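> The following comprises the amino acid sequence and a computationally predicted model.
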Amino acid sequence: MKKKAIWVVDDDVIFQVIIQKIIERSEMFSAVSIFPNGKEAFLALKAASKQNEILPDIILLDINMPIMDGWEFMEVMSSMEDQNIKKINICISSSSIAEEDKNRAKIYPSILSYLSKPITVKNLLEVMDLIKEKSA
């Protein structure tokens, strides 16, 4: 199986360190990039797309962040005309257990799943299985 590229968009520095170790331990991903907010991630996506660089296969997206939160990120992603960007699988990774957040996630076709923190290697395996099912 070809290893995938994963981006983590989360402002929590402790979570960033922990999830990077979990991603490395999983040995499922060829590259990991971390962004502290949706705006930086979105700008990086636009730049990578324009320069024909490798786009992430998966984005772990926090909901509550400064500058551009996860929902604002999803809005700008939805408005993009770039079909390659629209094909990126998004997994919400949030400490929020609010039903309204889970229901809101269902509105966006690119949101593959809603993961409650803390994220585990098992969660990443489940996400990979969902991607396989989606592409089959």
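Here it is on my side, so go on. Quick caveat, the model's predicted, so the values are computed rather than measured. Residues are numbered from 1 along each chain as shown.
> Can you name the residues that contact V9?
Neighbour list for V9: 34-38, 40-41, 59-62, 65, 70, 73 [criterion: Cβ atoms under 8 Å, 6 or more residues apart in numbering]. Heads up, the C-betas are built off the backbone N, CA and C, glycines and all.
> low-scoring stretches of this structure, by residue?
Along the chain, the model assigns pLDDT under 70 to residues 1-2, 82-84, 136.
> Closest to the centroid, which residue in it?
Taking Cα atoms, centre = their mean as the criterion, I59 is the residue nearest the geometric centre of the chain, at 1.7 Å.
> In contact with that residue, which residues?
With contacts defined as Cβ under 8 Å, 6+ apart, the neighbours of I59 are I6, W7, V8, V9, A41, I88, N89, I90, C91.
> Look up which helix or strand it falls in, please.
strand 58-61 (DSSP states H and E).
> After that strand, which helix or strand is next?
Downstream of strand 58-61, the first helix or strand assigned by DSSP H and E is helix 70-79.
> other SSEs contacting that following helix?
Helix 70-79 sits against helix 38-50, strand 58-61, helix 83-86, strand 89-94, with contacts defined as 3 or more Cβ pairs under 8 Å, 6 or more residues apart in numbering; DSSP states H and E.
> Pick the most buried one from the ones you listed.
With neighbours taken as mean count of other Cβ atoms under 10 Å, the helices and strands packed on helix 70-79 reach their highest mean count in strand 58-61, at a mean of 26.
> who does that strand pair up with?
Here the strand partners of strand 58-61, with direction, are listed using DSSP bridges: strand 4-9 (parallel), strand 89-94 (parallel).
> Alpha carbons of the last one, in CSV - could you do that?
The C-alpha atoms that make up strand 89-94 are tabulated as CSV, following Å, rounded to 0.1, in the frame of the first residue of the first chain:
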residue,chain,number,x,y,z
ASN,A,89,-10.2,13.6,2.8
ILE,A,90,-10.8,15.7,5.9
CYS,A,91,-11.1,14.2,9.4
ILE,A,92,-12.3,16.5,12.1
SER,A,93,-10.2,15.9,15.2
SER,A,94,-11.8,17.7,18.1
